[in-house]
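1. Everything below, folded, please.
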Amino acid sequence: MSPERLQRINQMLDNRQTDLTICLDKVHKTNNIAAVVRTADAVGIHQIHAVWPDSDMRVSGNTASGSQQWVGTKKHYHMSEAKACFDAQNMQVLVTNFSDTAVDFREIDYTKPTAIIMGNERDGVSDEAIAIADQHIIIPMIGMVQSLNVSVASALIMFEAQRQRELAGMYGKRTLDDAYCQKMLFEQGHPIYAKACRRKDIPYPRIDEHGQIAADEDWWQRMRAPDPNAEPE
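-> Residues are numbered from 1 along each chain as shown. As a prediction, this is how the structure comes out:
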């Protein structure tokens, strides 16, 4: 791994916000899903959530421009499963919804652990999402249109959260565990070896401070050995 690549990956890991997330509530269009993932990566979100009753929904890798390699998507069949994750991190739950109690999205304190639920393209947020919300938020508009594309609306809210967190000095402090960081450094810094490890069922080695593989001779011998899973020529 080059020093430049190592620096870039470490910078990404140092800025990941593990207590800030977006939850897509039955958002089904792959271009919208991928656009949200791409923006999540841009603002440093570590993982998003998606309530997808249809297990076949997938992120369009082309639209996401590879962002799905860096941002995890935790899939749920029901909103209650997502809520359990939010509760485990003591997150405030925000829902985009027009109601008498809704406030301007910029009035929220996003330096708190926060989950932002965004509704789908046709129906908006579900009743289940509304039921678990601590606060409803809206994006004020003064034109004829009263709603935005879900990926655009998500981007506005995520960048407001980033702005507040940058002012509070919450970036540049690594909060991810070492095991995950080592996994990302190996997979993204040494992709050919990572692929071989998965194919040969070899444990990932440790990556040293210079971005190089720190493995014993046994690991290297297993790596050089013929692939038992390779198809005969």
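
2. which residue ranges form the helices in the chain?
-> Taking DSSP state H as the test, the helices found in the chain are 3-15, 30-43, 61-64, 79-88, 127-132, 150-167, 178-189, 191-200, 217-224.

3. now what about the fourth one, what contacts it?
-> By CB atoms under 8 Å, 6 or more residues apart in numbering, the residues outside helix 79-88 that reach it are 21, 23, 25, 49, 51, 74, 76, 93, 115, 126, 128-129, 132. Where C-beta positions appear, they are placed from N, C-alpha and C, glycine not excepted.

4. Put the alpha carbons of stretch 158-177 into PDB.
-> What follows is stretch 158-177, C-alpha atoms only, in PDB (Å, rounded to 0.1, in the frame of the first residue of the first chain):
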ATOM      1  CA  MET A 158     -26.700  15.200   6.600                       C
ATOM      2  CA  PHE A 159     -24.600  18.300   5.700                       C
ATOM      3  CA  GLU A 160     -26.200  20.300   8.400                       C
ATOM      4  CA  ALA A 161     -25.300  17.500  10.900                       C
ATOM      5  CA  GLN A 162     -21.700  17.600   9.500                       C
ATOM      6  CA  ARG A 163     -21.600  21.400   9.900                       C
ATOM      7  CA  GLN A 164     -22.600  21.300  13.500                       C
ATOM      8  CA  ARG A 165     -20.300  18.400  14.300                       C
ATOM      9  CA  GLU A 166     -17.300  20.100  12.700                       C
ATOM     10  CA  LEU A 167     -17.900  23.200  14.800                       C
ATOM     11  CA  ALA A 168     -18.000  21.000  17.900                       C
ATOM     12  CA  GLY A 169     -14.700  19.400  17.000                       C
ATOM     13  CA  MET A 170     -16.200  15.900  16.600                       C
ATOM     14  CA  TYR A 171     -14.200  15.000  13.500                       C
ATOM     15  CA  GLY A 172     -10.600  13.700  13.500                       C
ATOM     16  CA  LYS A 173     -11.200  11.500  16.600                       C
ATOM     17  CA  ARG A 174     -11.200   7.800  15.800                       C
ATOM     18  CA  THR A 175     -14.100   6.000  17.400                       C
ATOM     19  CA  LEU A 176     -14.100   2.800  15.300                       C
ATOM     20  CA  ASP A 177     -12.700  -0.400  16.900                       C
END
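
5. ok, now how distant is the nearest residue to Asp109 once chain neighbours are set aside from Val43?
-> Leaving aside its sequence neighbours, Asp109 sits nearest to Gln164 (CB to CB, 6 or more residues apart in numbering; 7.2 Å). For Gln164, the distance to Val43 equals 11 Å [CB to CB, to the nearest Å].
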